[in-house]
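Asker: Show me the folded form of this:
(2 chains)
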Amino acid sequence: MKTPRDLLEIWPVARQLGGADRLGRGAAVKSKGSRERVARTRTADRVVKSVCPYCAVGCGQNVFVSDERVVQIEGDPDAPHSRGRLCPKGSATLQLTTGSSREEHVLYRRPYATEWERLDLDTAMQMIADRVVETRAEGFEWESEEARVRRCMSIAALGGATLDNEENYLIKKLLTGLGVIQVENQARVCHSSTVVGLGTSFGRGASSTLPGDLQNADLIVLQGSNMAEAHPVAFQWVVEAKRRGATIVHIDPHYSRTSALADLFVPIRAGSDIAFLGGVINHVIQNDLDFREYVVNYTNAPTIIGEAFRDVDAEGLFSGFDPGNGEYNPDSWQYEGAYVEAASGQRDQAGHLEGIPPKSGSAEEEVDRGSASLDLTLQHPRCVWQILKRHFASYTPEVVERVTGCDQRTFAEVCRLFVENSGRERTAAFVHGVGWTQHTIGSQYIRCASILQLLLGNMGRPGGGVMAMRGHASIQGSSDIPTLFDTLPGYIPTPHAHAHQDLDSFVLSNAPDKGFWADMRHYVVSLLKAWWGATATAENDYCFDYLPRLTGSHGTYDTVMAQIGGEVKGYFLFGQNPAVGSANNRMQRLGMSKLDWLVVRDFSLIESATWWKDGPEIESGEMRTEDIATEVFFLPAAAHTEKDGTFTNTQRMVQWHHKAVEPRGDQRSDLWFAYHLGRMIRERLADSDDPRDRPLLDLTWDYPCEGPYADPMAAAVLAEINGYDADGTLLSAYTALKDDGSTACGCWIYCGAYADGVNYTARRTPAGEQNWTCPEWTWAWPANRRILYNRASADPEGRPWSERKKLVWWDEAEQKWTGLDTPDFEATKPPSYRPPEGAKGPAAIAGTDPFIMQADGRGWLFAPAGVADGPLPTHYEPQDSPVRNPMYGRQRNPARQLYIHENNRFHPDPGGPGDEVFPFAVTTYRLTEHFTAGGMSRWTPYLAELQPEFFCEVSPELAGERGLTHGDWATLVSARGAIEARVMVTDRMTPLRHGEQVVHTIGMPYHWGPNGYARGDSMNELSSMALDPSSHIQEVKALTVDIRPGRRPRGPARVALVQEYRRRAGITAETGTERRGAAETGVPS
Amino acid sequence: MSESIWSEVRLVPRDSDPATDTGYEDHPPRLGFFTDTSVCIGCKACEVACKEWNGVPEDGLNWTGRSHDNSIGLSGDTWRHVAFIEQRVAVGIDDGGPLGDGGVELVTGPGNFRRGEDESFRWLMSSDVCKHCTNAACLDVCPTGSLFRTEFGTVVVQADICNGCGYCVPACPYGVLNRREDDGRVFKCTLCYDRLQVGQEPACAKACPTDSIHFGELSELRELAGERVQELQDAGVASARLYGHDPADGVGGDGAFFLLLDEPEVYGLPPDPVVTTRDLPAMWRRVAVAGLGLLAAGSLSFVGARRGAQG
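Answerer: Coordinates of the predicted model:
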């Protein structure tokens, strides 16, 4: 009941006359709405701790919930890595998760149907379970080429980098139980080459450091990374470093928002980074500017290589190349008197280890791989230092200028910056992203940076390292707990099909003698126990035989070929959109059109879900919807706010996000999907006595469920990943794992995340209450170490190299390693420790060996194993390049992986006939406002409006040459496709001079596709399936095209235009392949 | 009319505290933004965070080709706007000077990219927002009391009062105020008035990844800004300057001010903004004088007329 006085208060004039605001400009005119509005962050019922679902920076989020609805999502100020900040994508999370763009219901497309229809969720699940059982039965094989494989080749899966670790774990576990090996995710197409490059160089294939450590750097070189755009919140640490006096250099073909904040922007041609970095390496070595004490003690510079090794010849070939199959046999790259295994990359290959027979001829006996010979003076002509010196001697400033287009003066300046900002007192850091990884020689880009950082002594030290910027919320996690074909959890290689492979011979051929990988048997047995529980016993080799076997490359592009070839019949897509995001979109769609069934789990109707009714081939008339037999199930996915689980971010930090609300309609988590699908399939086969079903039926598949939808408890899955002993007690460290079946552990490197029953991934001690490494914010693998190889931050005697750059050190009084970070070393092993004769495993690591995962404890300047295309990085041109390789006879990486198909043709050699048809270089990148293939941004209006259309960036010079008008349209053509884009003429693109040749580069973001709110052509219609052989990543950061004014033709004319270009360029199946031996092998065209 | 009322309508006052001038007693310190454009990465987190918090509608897909700017300017549907300026500058101007010992011809800083013989290139980005003027013309002209001064010294449009008359639109010297097309009413930055009232910073400042947008007490922000300009100039970025920080300027200083790397016009900001109602008091005084004069003349004419009638 209002009193007369209250009523008077409501009347502004009364307030005006009665109060101090007599002019009615302030309090007197404050409206009812203004008075009553209270910030919803204040009135929320609860605040739920979460993690941003977009990129791999993994910013902390606070999710505000009122009346069981999410009402606001903003940055968590306590989070040490993001400090409460969010980029535009993170800031749009509320709209992403609660907006109207998300599908709420299952959609079903019958074979040959022209439209979607609704389907009950349970019916859909039952149908999918039926399809899996049936398709698996048809495609199961026990043997391949006379070797036992026990696998199913008719089903494949793609996606996982946007999922939780627990979800990837169950998907991998279920599919492995089914015998499905073709399991892949975004990690393949984004950073698989980082894993190979870093893993072979240092022992672990993940970023060595954290973005927050960049604030300690004196020099930050961003190369192959558009960090300010792709990882804006992590870029705050670059800004912080700059403020503290660090120099920021951006080396890139494209001037981006990252360049705008750099001190120096160095434009180079796309695909020339190895030449550039090789030039810096040459400068350092020729002038003895390396950090010698570090190099001699911590790297394999003194190691002597066997006599059989031959460095690249004039052709550009190392010893061991087989021109017949285009592959290397790496045996001649080995150490003299020793045989070392790589910690990553090419492992467990067929024929591997044939060079060293077991000592007694029996597989049960240990192999003695010998010990490497060292020359600490670095003078031996076959020591790594001398080999390195000779290999890079041809990377002179003149050559750098000719290959990269960077003038010698600027190049000299970059060299000077590197040298002056490295050493005892100073450190330099590299930041890279997919600008380095997505090349036909991507792994060697990362190797090249690794070599330079080892020479300059920047690894394991504050403000140093190689910061790999990964791109999805949990893409690091989907590499660690891999939905990838070639690894098992914790980077254990997936076994290949060998003649008589049992657990012992598998371990024998993959575990080195020394370092922590020597304990591989502990990790493998514990994994097998986690998956097959009581069934896994010593007597049956812990069910090692249950693991399906590889017979070569089974990556996502192999899957596409197998789809086209009719081998793969069923396909799962988990939050991945290959019809936009993978190279050669047309091949992706052709593959899917040959499937019997396709399951798409996503938020919205992405291009990969709808190609059968509105794809470009439907428009061109090449396909008719009515003719396509593929049955499509669209299942709406739950968002991160609707489920518990962990994401692993780019700094290896495993962060728990709590469920805030229940999902709507048919939306379910992938944990729910994987668990219940597995349950249904197991129910169907429960009575089977077919031995092929044993791995499936013996799986431990009993997770407690909760909530209205019977969601499996993510915490229970994380506990299994962490590992437990025979009593069920959760383990605290991977050093507790055993190979006698008494421990189970789903991913050995995650052991300790749930130590002693405490979920450390949910730990959130505010940034202000701890040092800058923030050891108490969630948990990082391995063993909560934040900067890897940090033993190297101290000198051989265990003292910090300098006070300014101290991180961990040996405490003589306490007889242990201590410091700001968890030591990446055995805590009580003194620097003076020298392994006794014949020592194995961790005991063989000396007190001065910082790279404890390496077979020799040292950082590898020279990779004697693990990298498929050579022990040292070598400059080859991209598959499609406008420039002739001036350094070697081989134009392209001789060991690259190609797919020969009429829809995957390559461009002519530069300098040869037809080379004028595709004269311009292309590079691709992300924009701040969008996310990967667009599924989480093109449907989000607040993001779509910021970058509404696909565009290409060209220099004024190129615009003049080709008559392109700013704001108008251009058509871009390659041998794979033709697309249109709005023309952005900008000084940010610049022509580069290579000797007499001027090369124009066109820049293109790759986020668009024909569906969603913001639409456009997809850049990947132009790209080709040409891969790095070590990692099977595609080359989309450097290619060539033609560009012309105007919109592209519609309908069949679009295809005709591509055909006309091909004819003009004289393109055949042979063009650009030069690997005659491999052409058309086993690949239908 | 009393003397005190006239002093209150003085529209170009001293370096004043607008909350006090509006009659708030024991009010909190004046709050505002200092946007340091030298560390802006053009990410537009401010634009999105603002829209999310305030429920500002998405306003259409319109690719402009103006660098990465597709929101064009501040409007009823865009309360934070990031401008992108691609510039060629002469080598040696507006850069950070030589890079290191050997780099006589290489420069550090914004003009970091040699583009041709004598020219460098740089890309400026800046997040614009309502200036929350000390002397706010919009407030002066609003006939409904929709626009009001808060206890934090900020200027807020109240959607439940605004009748869409639009008087404030031309009154704003910065062109900030605009009507929402399908609604008719005027909307603009409130400096997240609801958040300020519960001690939370505005959504844009909170999100800003590089801390380009500083939020806080205006007096402290002005100090911070002064130090930052000095820091940049010491680092060789001679072009660094402040905009809107000066209480002696034509609007009495802005509650949201900026560090720029070029002339304000380059960023689409008026070089010398003046409160459009500056001359109103004088005009009204003249009107009053004229009115009194007319009244007197009229009165006199009646006097004369009466005399004439008598005569």
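
Asker: How many neighbouring residues does residue B:206 have?
Answerer: Residues contacting residue B:206 under the criterion other Cβ atoms under 10 Å in any protein chain shown number 23. Every residue, glycine included, has its C-beta placed from N, CA and C.

Asker: tell me the secondary structure for it?
Answerer: helix (DSSP: H, G, I helix; E, B strand; the rest coil).

Asker: does residue A:932 count as helix, strand or coil?
Answerer: Going by three-state DSSP: residue A:932 is coil.

Asker: Please report how far the closest residue to it other than its chain neighbours lies from residue A:573.
Answerer: Nearest non-adjacent residue to residue A:932, counting by Cβ to Cβ, 6 or more residues apart in numbering or on different chains: residue A:581, 5.8 Å away. For residue A:581, the distance to residue A:573 under the criterion Cβ to Cβ, to the nearest Å works out to 11 Å.

Asker: of these two, who's got more company?
Answerer: The residue with more neighbours, out of residue A:581 and residue A:573, is residue A:581; 26 against 22, by other Cβ under 10 Å.

Asker: where's the more buried one relative to residue A:926, distance?
Answerer: 11 Å.

Asker: average model confidence for the strand or helix carrying residue B:298?
Answerer: When elements are defined using DSSP states H and E, residue B:298 is found to belong to helix B:280-310. In this model, helix B:280-310 has an average pLDDT of 73.

Asker: still on that earlier bit, what's the overlap in contacts for residue A:581 and residue A:926?
Answerer: Residues touching both residue A:581 and residue A:926 comprise A:932, A:1006, with contact defined as Cβ atoms under 8 Å, 6 or more residues apart in numbering or on different chains.

Asker: Check what pLDDT residue A:317 gets.
Answerer: 97.

Asker: Can you verify my assumption that it contacts residue A:890?
Answerer: Yes. With contacts counted by Cβ atoms under 8 Å, residue A:317 reaches residue A:890, the gap being 6.8 Å.

Asker: The closest residue to chain B within the stretch 751-900 of chain A: what's it in contact with?
Answerer: In the stretch 751-900 of chain A, no residue comes nearer to chain B than residue A:767, which is 14.5 Å away by Cβ to the nearest Cβ. Contacts for residue A:767 (Cβ under 8 Å, 6+ apart) come out as A:78, A:79, A:80, A:83, A:774, A:777.

Asker: For the helix holding residue B:298, name the packing helices and strands.
Answerer: For helix B:280-310, there is no helix or strand it packs on, judged by 3 or more Cβ pairs under 8 Å, 6 or more residues apart in numbering or on different chains; DSSP states H and E.

Asker: For it, what is the distance to the chain centroid?
Answerer: In terms of Cα atoms, centre = their mean, to the nearest Å, the gap separating the centre of helix B:280-310 from the centre of its chain is 42 Å.

Asker: how about it: buried residues?
Answerer: For helix B:280-310, burial by neighbour count (16 or more other Cβ atoms under 10 Å in any protein chain shown) applies to residue B:280.

Asker: do the same with stretch A:1044-1060
Answerer: Neighbour-count burial for stretch A:1044-1060 [16+ other Cβ under 10 Å]: A:1048, A:1049, A:1054, A:1055, A:1057, A:1058.

Asker: Give the helix, strand or coil label for residue B:125.
Answerer: Residue B:125 ends up strand, using three-state DSSP.

Asker: How about it: which residues does it bridge to?
Answerer: With DSSP bridges as the criterion, residue B:125 is bridged to residue B:84.

Asker: Tell me if I'm right that it and residue B:39 touch.
Answerer: No. Contact criterion Cβ under 8 Å: residue B:125 and residue B:39 do not qualify, at 9.5 Å.

Asker: higher neighbour count, these two?
Answerer: A count of neighbours by other Cβ under 10 Å puts residue B:125 above the other of residue B:125 and residue B:39, at 26 against 23.

Asker: Which stretches in the stretch 501-650 of chain A count as strands?
Answerer: A:570-574, A:597-602, A:631-636, A:645-648 (DSSP state E, counting those that start in this stretch).

Asker: export these to a markdown table and tack on mean pLDDT?
Answerer: Converted to a markdown table, the strands of the stretch 501-650 of chain A look like this (pLDDT from 0 to 100):
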| stretch | mean pLDDT |
| --- | --- |
| strand A:570-574 | 98 |
| strand A:597-602 | 98 |
| strand A:631-636 | 98 |
| strand A:645-648 | 98 |
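
Asker: And these: which comes nearest chain B?
Answerer: Of these, the one closest to chain B (Cβ to the nearest Cβ) turns out to be strand A:645-648, at 18.8 Å.

Asker: Which elements pack onto the closest one?
Answerer: helix A:165-178, helix A:477-480, strand A:653-657, helix A:714-722.

Asker: mind running it again at 6 Å?
Answerer: Contacts defined by 3 or more Cβ pairs under 6 Å, 6 or more residues apart in numbering or on different chains; DSSP states H and E place strand A:645-648 against strand A:653-657.

Asker: so the helix or strand following the strand it packs on versus strand A:597-602, what angle?
Answerer: Downstream of strand A:653-657, the next assigned helix or strand under DSSP H and E is helix A:670-684. Orientation check (axes from the mean of the first three to the mean of the last three Cα atoms, to 10 degrees): helix A:670-684 against strand A:597-602 gives 150 degrees.

Asker: Now the element after helix A:670-684, going C-ward?
Answerer: Next element after helix A:670-684 (DSSP H and E): helix A:694-697.

Asker: For the residue most central in space within chain B, which residues are in contact?
Answerer: Among the residues of chain B, residue B:131 comes closest to the average C-alpha position under Cα atoms, centre = their mean, at 2.3 Å. If you count contacts by Cβ atoms under 6 Å, 6 or more residues apart in numbering or on different chains, residue B:131 has them with B:174, B:244, B:254, B:256.

Asker: For it, grab phi and psi.
Answerer: Dihedral angles of residue B:131 (phi, psi; degrees, to the nearest 10) stand at phi -90, psi -10.

Asker: per-residue confidence for it?
Answerer: The model's pLDDT for residue B:131 equals 98.

Asker: I'd like the distance between the closest residue to it other than its chain neighbours and chain A.
Answerer: Leaving aside its sequence neighbours, residue B:131 sits nearest to residue B:254 (Cβ to Cβ, 6+ apart; 3.9 Å). Noted for residue B:254: a distance of 18 Å to chain A, by Cβ to the nearest Cβ, to the nearest Å.

Asker: OK, contacts around residue B:254?
Answerer: With the criterion set at Cβ under 6 Å, 6+ apart, residue B:254 makes contact with B:131, B:133, B:244.

Asker: One more: residue B:124?
Answerer: So residue B:124 contacts B:85, B:261 (Cβ under 6 Å, 6+ apart).

Asker: at 8 Å instead, please
Answerer: A:260, B:37, B:83, B:84, B:85, B:87, B:110, B:261, B:262, B:266, B:267.

Asker: Can you tell me which of the residues you listed is nearest residue B:213?
Answerer: Lowest distance from residue B:213 to the contacts of residue B:124 (Cβ to Cβ) belongs to residue B:37, with 9.8 Å.

Asker: ok, the nearest residue to the closest one once chain neighbours are set aside - how many residues close by?
Answerer: Distances taken as Cβ to Cβ, 6+ apart put residue B:126 closest to residue B:37, at 4.0 Å, once the chain neighbours are dropped. Number of residues near residue B:126 (other Cβ under 10 Å) recorded here: 27.

Asker: wouldn't residue B:126 be in contact with residue B:266 here?
Answerer: No. At 9.2 Å, residue B:126 does not count as touching residue B:266 under the criterion of Cβ under 8 Å.

Asker: and for those two, which residues touch both?
Answerer: Counting by Cβ under 8 Å, 6+ apart, the shared contacts of residue B:126 and residue B:266 are B:85, B:260.
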